[in-house]
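Enquirer: here is my input, please return the structure:
(2 chains, ligands or ions: 2)
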Amino acid sequence: MSASTLRIALVGNPNCGKTALFNQLTGGRQKVANYAGVTVERKEGRFTAPSGRVLQILDLPGTYSFEANSPDEQITRDVCAGNYPGEAAPDLIICVADATNLRLHLRFVLEVKRLGRPVVLALNMMDTARQRGIVIDVPELQRRLGLPVVETIAVRRGGAKALIERVDGEVPTAAPAQPDDAASRADLHAQVREILTATVTMPRTTAALDDALDRWALHPVFGLLILAVVMFLVFQAVYAAGKPMSDLIGGGFGWLGEHVAALMPAGPLQSLVTNGLFGGIGTVLGFLPVILVLFLFILTLEESGYLPRAAFLLDRLMLSVGLTGRSFIPLLSSFACAIPGIMGTRSIQDPRDRLATILIAPLMTCSARLPVYALLIGAFIPIRYVFGVFNLQGIVLFSLYLAGILGAMAVGWVMKHIRRDKSEHALLMELPSYRMPKLRDVAIGLYERGAIFLKRLTGVILGLTVLMWFISTFPSPPAGATGPAINYSFAGYLGRGLQYIFAPIGFNWQISLALIPAFAARETAVAALATVYLVGGEASGGLSHALAGQISLASALSLLVWFAYAPQCMSTLAVIRRETNSWRNVAISFGYMFGMAYAASFIVYQVTRMLT
Amino acid sequence: MRLSELPKGAPAVVDRVHDAHAADPIAQRLRDLGFVEGEPVRVVAIGPMGGDPVLIQIGYTRFALRRAEAARVSVRSEAAA
Ligand SMILES: Nc1nc2c(ncn2[C@@H]2O[C@H](COP(=O)(O)OP(=O)(O)O)[C@@H](O)[C@H]2O)c(=O)[nH]1
Ligand SMILES: [Mg+2]
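Expert: Residues are numbered from 1 along each chain as shown, chains lettered A, B, ... in the order given. Ligands and ions are numbered 1, 2, ... in the order given. Got it, this is the predicted structure:
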């Protein structure tokens, strides 16, 4: 079997549709998005061709040239050249080129050809090319390049049929390998120009739609205004659409819990089911709609091609706080979760800019913080309308996001001034064409995020919730004890111990205790609080009711601010370690966030206490 | 004239890319992206803060360049070419 396996690598410039093609070929569900630097690791998939041969396909990060200077471009070069550790050189390279952008992409095709390996050229985005009236003389292109050329439409069902047939056939013979030196590199451009004149006719060099939209989207005044409105609407929508659905789910689970409890004998097991499972998990599950609404917006923005525009508008601002416009996209992903955000920084070629971005990415408000925010805001902030349209709760949520961003800017600014390397670092960013987001891609993305959320819920969060229930229930109070039973449990002792550290910022022992599972997964704080209060018998009217009665506004605000800045989830720290290969960076990021969170919470707590 | 000084919308042609220092990686990347002799270029948009970065149309592609990057590219106006 392995003798007939054909190993294929997909290469090409960033954003030419390699991943879309990979998904088309393998039925895979890798993330596609309309900007450079989405695929930052090699991904592998396989499928069986009509002839029965197994094709093993590698999706590689996009690269403009083999003179690679970013980590993901290096991977691509090493794999193609057969220098990647543990990876034999591919039997065939599929070089993907955007048919609407051949002047740039053909140069890389020529570079790939010079590796001296069998190459097939996939002319992708033929649908857009035809729409724009671009005519390509494929037989002539094939003759001049000396490579088989196949047209593809990676986003259309069956759009890669011709490619599959070609790949399944005879492996094309390789052109002789050629040396790579400065003189021959300069020569490539001349060759591209010659080939283009002979094979491609274009009615106009740009898409009319791009010109029209960019006139507004990149306008010095309207552009910024549009960006602000887009961002603000996203957060209002999260509240307007997500919250009612969340309440419905939370309520449903409470009701279900009561009915299940009625069927069980009273005792610790009943309390585990009602308090731990239905109370805790139900509360977290209720946030699924909120998270899905947030992702719906992020995915749509990613697909549309708007994000690099936002990066363009904000580059100067980011530069002033020691980052780059390129940091914008990983930072925006960090609003969903810091982990993909930090991994996404691989598309920042510059190691210094990349490290700066990694260190501040966890300050972006990730979706795991939403349940905590939503719970506290729901309990402490009244529903009131400002200017008749903006919900006060939505405004507080927006402010928390803003607090994260401003905090990140402050940290970036400080880092910029204390680091030694002050040399120039480049932007050099391609702006893609606008594209209508594809319903299918967005749906797949939402499904994936929902599945990840549910997996965490049934794995880590469920485990921690049961553990929290256990330590809040046992040991039972000694005979003759007077206080609530939970005061004598492990949780009671642990929480009171922690309170020494957290009392100055207004956390009672229940909250201090909930910070422990929150370090594993932030959402768990909600479930943990629910468990502690429910087991303690103080939450008859629901968790948010109990909280409102048990803690002061000052403590609640302090906790909100704590969650905005605190170093919290372990997985984030683990990813920082993996991506930077240094414990030192982990220590730095943990240390500075702890200090910052503690200081900010302290101020908020003390000031609110004075005012109320 | 340098690309950084080119007014918005004015058509021009690339002369060459200058190394800001020996073995300048930014200059090399610019050449790889197609900033080579004879390529038509145009400034499409200018950043909102301090006119930085600038958006350059070269061939069928748009690149955002900071002013310091654009200053490495010398251009001549199309009329003179
Ligand atoms: N219209 C059209 N869009 C495409 C085609 N192939 C890819 N795209 C879109 O191009 C963008 C980049 O695709 P992706 O696969 O992430 O590119 P990669 O960076 O090369 O992996 C996405 O928005 C895709 O939906 C195609 O053949 N036609
Ligand atoms: Mg990709």
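Enquirer: when you work out contacts or count neighbours from here on, use the C-alpha atoms and nothing else.
Expert: Noted.
Enquirer: tell me the residue furthest from the middle of chain A?
Expert: Using Cα atoms, centre = their mean, the residue of chain A lying farthest from its centre is A:Gly480. It sits 53.4 Å away.
Enquirer: which non-adjacent residue is nearest the closest residue to chain B within the stretch 451-600 of chain A?
Expert: Distance from chain B to each residue of the stretch 451-600 of chain A (Cα to the nearest Cα) is smallest for A:Thr580, at 22.6 Å. Nearest residue to A:Thr580 in three dimensions, chain neighbours excluded: A:Leu355, at 7.6 Å (Cα to Cα, 6 or more residues apart in numbering or on different chains).
Enquirer: okay, now that neighbour: neighbour count?
Expert: A:Leu355 has 20 neighbouring residues, counting by other Cα atoms under 10 Å in any protein chain shown.
Enquirer: how about residues contacting whichever strand or helix holds it?
Expert: Using DSSP states H and E, A:Leu355 falls within helix A:351-360. Contacts to helix A:351-360, defined as Cα atoms under 8 Å, 6 or more residues apart in numbering or on different chains, come from residues A:322-324, A:327, A:330-331, A:342, A:345-346, A:348, A:408, A:411-412, A:415, A:576, A:580, A:585, A:589.
Enquirer: give me that answer again for 6 Å
Expert: Helix A:351-360 is contacted from outside by A:323, A:342, A:345, A:348, A:408, A:589, using Cα atoms under 6 Å, 6 or more residues apart in numbering or on different chains.
Enquirer: now stretch A:366-381
Expert: By Cα under 6 Å, 6+ apart, stretch A:366-381 touches A:287, A:334-337, A:522-523, A:526, A:544, A:548.
Enquirer: ok, and for it, which residues are buried?
Expert: Residues A:366-380 are the ones in stretch A:366-381 that count as buried (16 or more other Cα atoms under 10 Å in any protein chain shown).
Enquirer: avg pLDDT for the lengthiest strand in chain B?
Expert: The residue-count maximum for a strand in chain B (DSSP state E) belongs to strand B:40-49. In this model, strand B:40-49 carries a mean pLDDT of 93.
Enquirer: ok, stretch A:467-484 next?
Expert: The average pLDDT within stretch A:467-484 is 76.
Enquirer: stretch A:328-341 now?
Expert: Stretch A:328-341 shows a mean pLDDT of 82 in the predicted model.
Enquirer: what's the burial count for the residue of the stretch 501-612 of chain A found nearest ligand 2?
Expert: Relative to ligand 2, the nearest point of the stretch 501-612 of chain A is A:Glu579 (19.0 Å; Cα to the ion). Neighbourhood size, A:Glu579 [other Cα under 10 Å]: 15.
Enquirer: how much space between it and A:Val411?
Expert: 20 Å (Cα to Cα, to the nearest Å).
Enquirer: tell me the SS of the residue of the stretch 501-612 of chain A closest to ligand 2?
Expert: Secondary structure, DSSP: H, G, I helix; E, B strand; the rest coil: A:Glu579 is helix.
Enquirer: and it, what pLDDT?
Expert: We note a pLDDT of 82 for A:Glu579 in this prediction.
Enquirer: which stretches in chain A count as strands?
Expert: A:6-12, A:43-48, A:54-59, A:92-98, A:119-124, A:135-136, A:149-151, A:200-201, A:385-386, A:390-391, A:429-431.
Enquirer: which one of the ones you listed lies closest to B:Met49?
Expert: Nearest of the strands of chain A to B:Met49, taken as Cα to Cα: strand A:429-431 at 17.3 Å.
Enquirer: check whether the closest one contacts chain B.
Expert: Yes. Using Cα under 6 Å from any Cα of the partner chain, strand A:429-431 comes into contact with chain B via A:429-431.
Enquirer: reformat those residues as a markdown table; add neighbour count.
Expert: Below are these laid out as a markdown table (neighbours: other Cα atoms under 10 Å in any protein chain shown):
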| residue | neighbour count |
| --- | --- |
| A:Met429 | 19 |
| A:Glu430 | 22 |
| A:Leu431 | 25 |
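Enquirer: closest one to A:Ser246 out of the residues you listed, please.
Expert: Minimum distance to A:Ser246 across those is 37.2 Å, recorded for A:Leu431 (Cα to Cα).
Enquirer: so does the helix or strand of chain B with the lowest mean pLDDT get close to chain A?
Expert: Within chain B, no helix or strand scores below helix B:25-32, which has a mean of 88 by mean pLDDT, DSSP states H and E. No. Judged by Cα under 6 Å from any Cα, helix B:25-32 stays clear of chain A, getting no closer than 6.6 Å.
Enquirer: quick check: buried residues in that helix?
Expert: For helix B:25-32, burial by neighbour count (16+ other Cα under 10 Å) applies to B:25-32.
Enquirer: so the residue of chain B found nearest ligand 1 bridges to which residues?
Expert: Checking chain B residue by residue against ligand 1 with Cα to the nearest ligand atom singles out B:Thr61 as nearest, at 14.5 Å. Counting by DSSP bridges, B:Thr61 forms beta bridges with B:Ile58.
Enquirer: which bits of chain B sit near chain A?
Expert: Residues of chain B lying close to chain A (Cα under 6 Å from any Cα) are B:47-48, B:60, B:62-65.
Enquirer: and those residues as CSV, adding neighbour count and distance to A:Val442?
Expert: Formatted as CSV, those follow (neighbours: other Cα atoms under 10 Å in any protein chain shown; distance: Cα to Cα, whole Å):
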residue, neighbour count, distance to A:Val442
B:Gly47, 23, 30
B:Pro48, 22, 31
B:Tyr60, 15, 28
B:Arg62, 21, 26
B:Phe63, 22, 27
B:Ala64, 30, 27
B:Leu65, 25, 31
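Enquirer: among those residues, which has the minimum pLDDT value?
Expert: Least confident by pLDDT among the residues of chain B next to chain A: that is B:Tyr60, with 86.
Enquirer: isn't that residue up against A:Thr205?
Expert: Yes. The pair B:Tyr60 and A:Thr205 passes the contact test of Cα atoms under 6 Å, sitting 5.1 Å apart.
Enquirer: who's sitting farthest from the centroid in chain B?
Expert: Farthest-from-centroid check, chain B (Cα atoms, centre = their mean): B:Ala22, 19.6 Å.
Enquirer: tell me if that residue really is in a strand.
Expert: No. With three-state DSSP as the criterion, B:Ala22 is located in coil rather than a strand.
Enquirer: phi, psi for it please.
Expert: Per-residue torsions, B:Ala22: phi -60, psi 140 (degrees, to the nearest 10).
Enquirer: can you list the domains in chain A?
Expert: Domains of chain A are assigned by automatic domain parsing as A:5-201, A:224-418, A:452-611.
Enquirer: now the helices for the stretch 101-250 of chain A?
Expert: For the stretch 101-250 of chain A, the helices defined by DSSP state H, counting those that start in this stretch cover A:102-113, A:126-131, A:138-145, A:161-168, A:182-199, A:208-217, A:222-237, A:243-262.
Enquirer: and the lengthiest helix in chain A, what other elements does it pack with?
Expert: Counting residues, the longest helix found in chain A (DSSP state H) is helix A:583-611. Secondary-structure packing of helix A:583-611 (3 or more Cα pairs under 6 Å, 6 or more residues apart in numbering or on different chains; DSSP states H and E): helix A:553-565, helix A:570-580.
Enquirer: so the shortest one versus helix A:583-611, what angle?
Expert: Same thing as helix A:570-580. Between helix A:570-580 and helix A:583-611, the angle comes out at 140 degrees (axes from the mean of the first three to the mean of the last three Cα atoms, to 10 degrees).
Enquirer: contacting residues around helix A:570-580?
Expert: A:339, A:520, A:583, A:586.
Enquirer: in that helix, what's buried?
Expert: A:572-573, A:575-577, A:580.
Enquirer: thinking again about what came up before, chain center to the longest helix of chain A, what's the gap?
Expert: A distance of 25 Å separates the centroid of the chain from that of helix A:583-611, by Cα atoms, centre = their mean, to the nearest Å.
Enquirer: and for stretch A:361-381?
Expert: Using Cα atoms, centre = their mean, the offset of stretch A:361-381 from its chain centre is 17 Å.
Enquirer: and stretch A:505-516, what's its mean pLDDT?
Expert: 87.
Enquirer: hmm, I was thinking of stretch A:13-25
Expert: When pLDDT is averaged over stretch A:13-25, the result is 90.
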